[in-house]
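J.: sequence first, predicted coordinates after that:
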Amino acid sequence: MIKTRKMILIANFLAIAIVLNLIESALALSPVPGAKLGFANVITLIILYIYSFRDSSALTLLRVILVGVLSGRLLGPTFYMSLSGAAVSIIAMGILKKTNFFGILGVSVIGSIFHVFGQIGAGIFVIGSTAILYWMPLMLLLSIPAGIITGLVAKRFISVWDTWHNKMV
């Protein structure tokens, strides 16, 4: 029963992350072409803190793949950049969470910064040019407030979750 409940909750979180990702892609809120503020990463953080690194990694990988399928960009340059950014970010956040030093806000900001490094690395490889490095300073600058906002939203959700979850148990 507990495993079924967890699986259902994670599936719902995955659906929310996909919708957030697709909406954000349609809004184009960032001055950097193709870049997003990462609202779906709120869900990655929530799952990392509520469940585990493994669950958060699986959810993030599935989100990137399913958004790639739904947007028609699967296996295109933006897919690989998104996948690389997500992979580097979740690994960094998983390691930092284990240290218990930074807290959720610090983990979020550093995850956001590492996401940029992953994207830029993949971009250089996929595009075959270092011209993408031109965008790196702006992307890093934007990643800090994006990481703070993501961390604050996730932190607030988790505090509500803890209250709700304790009443359910």
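T.: The structure has been received and is ready for your questions. Since we're looking at a predicted model, the values are computed, not measured. Numbering: from 1, shown residues only.
J.: so what's residue 117 up against?
T.: When contacts are counted by C-beta atoms under 8 Å, 6 or more residues apart in numbering, residue 117 touches 85, 88. From N, CA and C alone the C-beta is placed, and that goes for glycine too.
J.: now the helix or strand where it lies: buried residues?
T.: Element membership for residue 117, per DSSP states H and E: helix 103-127. For helix 103-127, burial by neighbour count (16 or more other C-beta atoms under 10 Å) applies to 104-120, 122-123, 126.
J.: mind checking how far that helix is from the chain centre?
T.: Mean-position distance between helix 103-127 and its chain equals 9 Å (C-alpha atoms, centre = their mean, to the nearest Å).
J.: next helix or strand past that helix?
T.: helix 136-168.
J.: nearest residue to the most centrally placed residue in the chain other than its sequence neighbours?
T.: The C-alpha lying nearest the average C-alpha coordinate of the chain belongs to residue 41 (C-alpha atoms, centre = their mean; 2.9 Å). In space, and not counting its chain neighbours, residue 41 is closest to residue 150: 5.1 Å by C-beta to C-beta, 6 or more residues apart in numbering.
J.: got it, and residue 23?
T.: residue 39 is the one closest to residue 23 (C-beta to C-beta, 6+ apart), at 7.8 Å.
J.: check whether the one you found really touches residue 112, as I assumed.
T.: No. Counting by C-beta atoms under 8 Å, residue 112 is not a contact partner of residue 39; they are 11.6 Å apart.
J.: give me the common contacts of those two.
T.: By C-beta under 8 Å, 6+ apart, the residues touching both residue 39 and residue 112 are residue 150.
J.: what's the pLDDT at residue 30?
T.: pLDDT recorded at residue 30 is 64.
J.: try residue 165
T.: Looking at residue 165, its pLDDT is 67.
J.: helices or strands next to the one helix or strand residue 85 maps to in the packing?
T.: For residue 85, the element it lies in under DSSP H and E is helix 77-99. In terms of contacts (3 or more C-beta pairs under 8 Å, 6 or more residues apart in numbering; DSSP states H and E), helix 77-99 is packed against helix 41-50, helix 53-71, helix 103-127.
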